[in-house]
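Visitor: pasting the sequence and the predicted coordinates here, then a few questions.
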Amino acid sequence: MTKYRIISKPTFLHPEDTNLRWYQAQYKFLNLFWVNCDEEYDVPGITYSMELERVERFIQAKINNERIDLCNKVVKVYE
């Protein structure tokens, strides 16, 4: 089973502000080292965000083999 984790990084503009953090999803590659999850090469989802919950949802979807659909959809058309 693949291991996942979330790391946090300071923002560039305000690195001293602990309330402004970036969260990054990572997976353990060959059980040797941690690699950033990348949406371009991985299942589409939120792998890097300032909202921890979005990154957590991505990891939960990966664990459950679900695809996160981020495509725009037409909800309603008015004529």
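Guide: Done, it's in. As the structure is a computational prediction, the values presented were derived from the model and not from experiment. Residues are numbered from 1 along each chain as shown.

Visitor: next helix or strand past the strand ranked longest in the chain?
Guide: With residue count as the measure and DSSP state E as the assignment, the chain has strand 21-29 as its longest strand. Using DSSP states H and E, the helix or strand that follows strand 21-29 in sequence is strand 33-36.

Visitor: for that following strand, what is the average pLDDT?
Guide: Across strand 33-36, the average pLDDT comes to 91.

Visitor: just stretch 4-13 next, same as before
Guide: Averaging the model's pLDDT scores along stretch 4-13 yields 86.

Visitor: the helix or strand of the chain with the lowest mean pLDDT: what's the following helix or strand?
Guide: Considering only helices and strands, the least confidently modelled element of the chain by mean pLDDT, DSSP states H and E is strand 48-49, at a mean of 86. Read in the C-terminal direction, the helix or strand following strand 48-49 is helix 52-63, with elements assigned using DSSP H and E.

Visitor: in that following helix, what counts as buried?
Guide: By 16 or more other C-beta atoms under 10 Å, the buried positions in helix 52-63 come out as 54-59, 61-62. The C-beta positions use only the backbone N, C-alpha and C, and glycine is treated the same way.
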